[in-house]
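Here's my sequence, what's the structure:
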Amino acid sequence: MSNVVVLDNGGGLIKAGHGGDRDPTVVVPNCLYRPLSSKKFLHPSPLSSITSEDLTSASVRRPIDRGYLINPDLERDIWSHLFSSLLHVNPSTSSLLLTEPLFSLPSIQRSTDELVFEDFGFNSLFVADSPSLVHLYEASHRPDGLVSKAQCSLVVDCGFSFTHAAPVFQNFTLNYAVKRIDLGGKALTNYLKELVSYRAVNVMDETFIMDDVKEKLCFVSLDPERDLQMARKPGRQNLLRCTYVLPDGVSHTKGFVKDSEAAQRYLALTDGVPRRPVDARKEMDQTEAAEKSEDRRRIDLTKNEFDLTNERFLVPEMIFQPADLGMNEAGLAECIVRAVNSCHPYLHPVLYESIILTGGSTLFPRFAKRLEKDLRPLVPDDYHVKITTQEDPILGVWRGGSLLASSPDFESMCVTKAEYEELGSARCRKRFFH
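This next block holds a predicted model:
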């Protein structure tokens, strides 16, 4: 087993494991939570374990806000539990590969270094940014692809705290060309909470539950105006309507979608045209039968359930049209064009042809299709646009870090504890600049 610990310290999830492995040993939320039944904050269970934790109205404390570390003491507590109870590693005999967001402030970098060397006593440290690790993994994963041959790509990292469009050239992120949108998974969940609280049930305190609603029911619309019209239709004509049942704390402690088939009916429309008249008719018949069997049920608030219609696509729409919410930000397509235009003209055609999507917020159905649709009119006609989604956008950064940690040159790239004690944080950090 490698003595290099690879830690992708995201704002939403921590992905941690040993260098050289394909997948992280543990994926755990980067927070502490306090359920109503407890008087103290608890460590959440890893995502891989099946637990019956009741997360209804749980309070959440996060060490990372808007992508940056704001509470080192809380992060120390979370890391301590991670290294001792989940990973079972001894920091004093291990090296650490840590991911850090782009444009991190020197004071935050100093706090991170103190955590790594003084509190945990790691042997050595290497700090990497997410886009370069994603590029490294994609280039090695597809050795015959354009990313590997041109050593150039545009990484769109749509994560928990924000979205970056970052050009990468020969494994180095071109910092001067990186563009950022202050929107990520957390903002989308908060917007969904506001919409549902205003229209149906007050869910402003249900962070974990609304995350689940977003992941299971939201999708990216290819034609928002058409879908808004459809969301107004009554009964079986509305292919977007579906019901989510909140946990009751007795028979079930997790929420669930009432009719998973109804949640997929929006797929009956492809680019505004029904797939085939036969399919459409068959789905209408199924819908009608389902409605008869449920006796045209209405939403029963005593059972803690609510309907979703246009919220399902209006929430991810924020990433493409932030101006609709009054935010003075460019949409994702325009953000990518600005990032490319900040680079040398010789790189433009290659960047447009090697766009890589990573981060949990790119998992919405039809995300890549909609991005290509928005991007094509903004890109010169003689350039190809090719968008690749990683096979697992959540683990993509960690896998790149694991690959780097297993390379023979890794130890020589690290800053050792002795160098940190002799030179201090600022001097050591210059090794990671380019």
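
And the helices in the stretch 201-350 of the chain, which stretches?
Taking DSSP state H, counting those that start in this stretch to define them, one finds helices in the stretch 201-350 of the chain at 207-217, 224-231, 260-263, 277-293, 311-320, 332-341, 348-353.

Show me what the next helix or strand after the last one is in contact with.
Right, the one you point to is helix 348-353. Once helix 348-353 ends, the next helix or strand along the chain (criterion: DSSP states H and E) is strand 355-358. For strand 355-358, contacts defined as CB atoms under 8 Å, 6 or more residues apart in numbering pick out 130, 134-135, 138, 147, 153-158, 336, 367-368, 371, 385-390, 393, 396-397. To be clear about C-beta, it is placed using only N, CA and C from the backbone, and glycine gets the same treatment.

Can you point out the buried residues in whichever helix or strand comes after strand 355-358?
Using DSSP H and E, the helix or strand that follows strand 355-358 towards the C-terminus is helix 367-375. Within helix 367-375, the residues scored as buried using 16 or more other CB atoms under 10 Å are 367, 368, 370, 371, 373, 374, 375.

Identify the residues contacting the following helix or strand past helix 367-375?
Counting by DSSP H and E, the element after helix 367-375 in chain order, helix or strand, is strand 387-389. For strand 387-389, the external contacting residues (CB under 8 Å, 6+ apart) are 138, 354, 355, 356, 357, 362, 367, 368, 371, 372, 375.

next one: stretch 241-261
52-56, 201, 203, 206, 209, 212-213, 216-217, 231, 262-263, 265, 286, 290, 299, 303-309, 312.

Rebuild the buried residues of helix 367-375 as TSV, extending it with pLDDT and distance to residue 105.
Converted to TSV, the buried residues of helix 367-375 look like this (pLDDT from 0 to 100; distance: CB to CB, whole Å):
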residue	pLDDT	distance to residue 105
367	94	31
368	94	33
370	94	34
371	95	30
373	94	37
374	94	32
375	95	32
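
Now tell me which helix or strand of the chain has the poorest mean pLDDT.
Among the helices and strands of the chain, helix 277-293 carries the lowest confidence by mean pLDDT, DSSP states H and E, at a mean of 42.

How about the contacts made by the residue nearest to the spatial centre of the chain?
Against the mean C-alpha coordinate of the chain, by CA atoms, centre = their mean, the closest residue is residue 360 at 2.4 Å. Contact partners of residue 360, counting by CB under 8 Å, 6+ apart, are 12, 13, 158, 159, 160, 185, 393, 394.

now those residues in JSON lines, with pLDDT?
Output for the contacts of residue 360, formatted as JSON lines (pLDDT from 0 to 100):
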{"residue": "12", "pLDDT": "90"}
{"residue": "13", "pLDDT": "93"}
{"residue": "158", "pLDDT": "94"}
{"residue": "159", "pLDDT": "91"}
{"residue": "160", "pLDDT": "92"}
{"residue": "185", "pLDDT": "92"}
{"residue": "393", "pLDDT": "93"}
{"residue": "394", "pLDDT": "93"}
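
Where does the prediction get shaky in this structure?
By pLDDT under 70, the weakly predicted segments of the chain are 1-2, 48-52, 268-303, 433-434.

hang on, residue 403 packs against residue 135?
No - with contact defined as CB atoms under 8 Å, residue 403 does not count as touching residue 135 (10.9 Å).

Counting neighbours, go ahead and name the busier of these two.
More crowded of residue 403 and residue 135, by other CB atoms under 10 Å: residue 135, with 29 against 19.

Am I right that the more buried one sits in a strand?
No - using DSSP: H, G, I helix; E, B strand; the rest coil, the assignment for residue 135 is helix, not a strand.

follow-up on the earlier one: buried deepest among the helices of the stretch 201-350 of the chain, which one?
The highest average neighbour count among the helices of the stretch 201-350 of the chain, using mean count of other CB atoms under 10 Å, belongs to helix 311-320 at a mean of 24.

helices or strands up against that one?
With contacts taken as 3 or more CB pairs under 8 Å, 6 or more residues apart in numbering; DSSP states H and E, helix 311-320 sits against helix 185-199, helix 224-231, helix 332-341, helix 367-375.

and the angle for it with helix 224-231?
170 degrees (axes from the mean of the first three to the mean of the last three CA atoms, to 10 degrees).

got the angle between helix 311-320 and helix 185-199?
Compare the direction of helix 311-320 with that of helix 185-199 by the same axes, to 10 degrees and you get 140 degrees.

Return helix 311-320 as PDB; C-alpha atoms alone will do.
The C-alpha coordinates for helix 311-320 follow below in PDB (Å, rounded to 0.1, in the frame of the first residue of the first chain):
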ATOM      1  CA  GLU A 311     -38.700  23.600 -10.400                       C
ATOM      2  CA  ARG A 312     -37.100  20.500 -11.800                       C
ATOM      3  CA  PHE A 313     -35.400  22.300 -14.600                       C
ATOM      4  CA  LEU A 314     -35.400  25.900 -13.300                       C
ATOM      5  CA  VAL A 315     -32.900  25.000 -10.600                       C
ATOM      6  CA  PRO A 316     -30.100  23.800 -13.000                       C
ATOM      7  CA  GLU A 317     -31.000  26.600 -15.400                       C
ATOM      8  CA  MET A 318     -29.200  29.000 -13.000                       C
ATOM      9  CA  ILE A 319     -25.900  27.700 -14.200                       C
ATOM     10  CA  PHE A 320     -26.700  28.600 -17.800                       C
END
